[in-house]
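Participant: Here is the input, now give the coordinates:
(chains A and B)
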Amino acid sequence: MDDAAARAASEAAVEAYPRIVAALIRITGDWTLAEDSAQEALAMALGRWPSEGVPDNPGGWLMTVARNRALDVLRRATVERRKLRELAVLALTAATDEPQEEVVDDRLRLIFTCCHPALALEARVALTLRTICAVPTGDIARAFLVGESTMTRRLTRAKTKISEAGIPYRVPTGAALGERLPGVLAVLYLLFTQGYNADGEPAFAEEAIRLARLLTGLMPEQPEAAALLALFLLQHSRRTVRRDREGRLVPLDRQDRTRWDHLAIHEATDILSRLRHQGPYTLQARIAACHATAPSLDETDWPLIAACYDDLVRLRPSPVIELNRAVAHGYAFGPEAGLALLAGLRSGGALADYPLLVAAEADLTARAGDRERAAVLFRQAAESTHSESERLALLARADEL
Amino acid sequence: MKYMMFVCSDTEPDTDTTPEPDIEVWVAENDGAGRRLDGSALAPPASATTVRVRDGQLLVSDGPFAETKEVIVGFDLLECADLDEAIEVARAHPMARNGRLEIRPLIDL
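Facilitator: As a prediction, this is how the structure comes out:
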């Protein structure tokens, strides 16, 4: 079997995985048993499918193997008849072709439980990666810069808390859903940025996109979930050109726009065209879409970006968003407009020595024509940043002036 | 599930000035629904006495006096279906705004 077929096999297996874990957790209430059984089925599939071919119903195949494994373990222990009977029925429903309504719900339940606010934020991200995305504990540990045994302990503690504290295995309804969904989206966002950072795990960005897609499919009535997916797709569309061969950040105006992933951009703008509300992720995605669809930096719809930032600052006031807003105003309405907003922000004190504020001031100063002062500011920003790739990029800008 | 809810003071109470929930109403509602099994306010920490036994010797002392202003001022024993229900009961308590509530599950030994 060639690489493409092997990849198809692994994709089918990974796609089916969360459904199986979720169903087994619901029936057995035992997270470890559910995960172990699904992992074993997954390993068996990845061993066999590349050579034997992917079965017609990969989800049903995996569900049957995982269920049999769980049944074996439970039969050896003394378990209520009800659980065993439900498990026995599970393979029958899995064997029918399309995912059942109830099974779809299971995955959503699993996401909301993994992202419950009574768990520490880092534990939520790790548990989501482990339980829903089947990412090996060692990989998660590396991304969080801890040893594998530490991560194993953290995951175990989170699962223990779920059962001891009585965290329900349920999707909240009514007003509670509106309160809890932003927390779930925040976990996905953190997961995505983990994959996006220079020293992050690139595969996590793909996992975040996969989860956002799943969430959007399961909760089509929630526009912010769809907006988050669009935002991920837009940022991810630049993945191959946002760094050069040496790993240095390439600024937006120097990126080869023909090499952006235009299929992803198209999918994102298509999603955005159907959204009518003004949530924080929708606004961020609209801003990203302005950049992604512009032929060049100067031909970008800066007035629209500035307007989105005006709304975003009202919705989620934060110094970093104010900074981006100032830059957008500088590009939309002339450098002086941006510099005036920056001056106001600087006097507010929150970002006084923030390297990106100084860099933004340098950029707008250069655009206003004062090259000498701009070069001084770029060097000043380079001195105060902690990121080596940022430092090099800023020094390069200073040298060009 | 049974939960012990510790009612605590907090150094940063809510600054929202809208009227807060009435404790009498909260007690009546949760007693009526069978969610509150017991509960009481506690006398201030200055009235606390510590008891220890070491090597068969009874050691009684005054206090402890925490340096912090965040102290337990009361408790409620709750019976809830799960943590989400306990969180909803806690959020409606006036001390969720004036202080904070800590929810711990009871375990069967």
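
Participant: Tell me the pLDDT of A:Asn197.
Facilitator: In this model, A:Asn197 is scored at 66, pLDDT.

Participant: Pick out the residue in chain B sitting closest to chain A.
Facilitator: B:Asp82 (4.0 Å; Cβ to the nearest Cβ). Heads up, the C-betas are built off the backbone N, CA and C, glycines and all.

Participant: residues touching A:Arg124, list them.
Facilitator: A:Arg124 makes contacts with A:Cys114, A:Cys115, A:His116, A:Ala158, A:Val187, as judged by Cβ atoms under 8 Å, 6 or more residues apart in numbering or on different chains.

Participant: what's the neighbour count on the residue of chain B closest to chain A?
Facilitator: 16 (other Cβ atoms under 10 Å in any protein chain shown).

Participant: surely it meets A:Glu164?
Facilitator: No. Look at B:Asp82 against A:Glu164 with Cβ atoms under 8 Å: they stay out of range, at 11.7 Å.

Participant: related to what we said a few turns ago, which phi and psi does the residue of chain B closest to chain A have?
Facilitator: The phi/psi pair for B:Asp82 (degrees, to the nearest 10) reads phi -160, psi -180.

Participant: who touches it in this structure?
Facilitator: With Cβ under 8 Å, 6+ apart, B:Asp82 has these contacts: A:Gly166, A:Ile167, A:Pro168, A:Arg170, B:Met1.

Participant: that's a strand at the fourth one, yeah?
Facilitator: By that I understand A:Arg170. No. Using DSSP: H, G, I helix; E, B strand; the rest coil, the assignment for A:Arg170 is coil, not a strand.

Participant: List the residues that contact it.
Facilitator: A:Arg109, A:Phe112, A:Thr113, B:Asp82, B:Asp84.

Participant: re earlier: among the contacts of A:Arg124, which are within reach of chain B?
Facilitator: By Cβ under 8 Å from any Cβ of the partner chain, the members of the contacts of A:Arg124 lying near chain B are A:His116.

Participant: Please identify which pair of the contacts of A:Arg124 lies farthest apart.
Facilitator: A:Ala158 and A:Val187 (12.5 Å; Cβ to Cβ).

Participant: quick one on the thing from earlier: from the contacts of A:Arg124, which has minimum pLDDT?
Facilitator: For these, the least confident entry is A:Val187, with 90.

Participant: That residue against A:Val125, yeah?
Facilitator: Yes. When contacts are counted by Cβ under 8 Å, A:Val187 is listed as touching A:Val125 (5.6 Å).

Participant: shared neighbours of the two, anything?
Facilitator: With Cβ under 8 Å, 6+ apart, A:Val187 and A:Val125 have no common neighbours.

Participant: Would you mind listing where the chain has pLDDT under the threshold?
Facilitator: Just so you know, I chose chain A. A:1-2, A:5, A:79, A:89-105, A:197-201 (pLDDT under 70).

Participant: try chain B instead
Facilitator: For chain B, no range has pLDDT under 70.

Participant: so how far is stretch B:88-101 off the chain centroid?
Facilitator: 10 Å (Cα atoms, centre = their mean, to the nearest Å).

Participant: Repeat that for stretch A:12-32.
Facilitator: 21 Å.

Participant: in that stretch, what's buried?
Facilitator: A:12-14, A:16-28, A:30-31 (16 or more other Cβ atoms under 10 Å in any protein chain shown).

Participant: ditto for stretch A:352-372
Facilitator: Quick answer for stretch A:352-372 (16+ other Cβ under 10 Å): A:354-368, A:370.

Participant: Using just helix, strand and coil, how would you label A:Ala382?
Facilitator: Relying on three-state DSSP, one would call A:Ala382 helix.

Participant: Point out the residues in chain B that sit beside chain A.
Facilitator: Counting by Cβ under 8 Å from any Cβ, chain B sits next to chain A at B:1, B:3, B:80-84, B:86-88, B:103, B:105, B:107.
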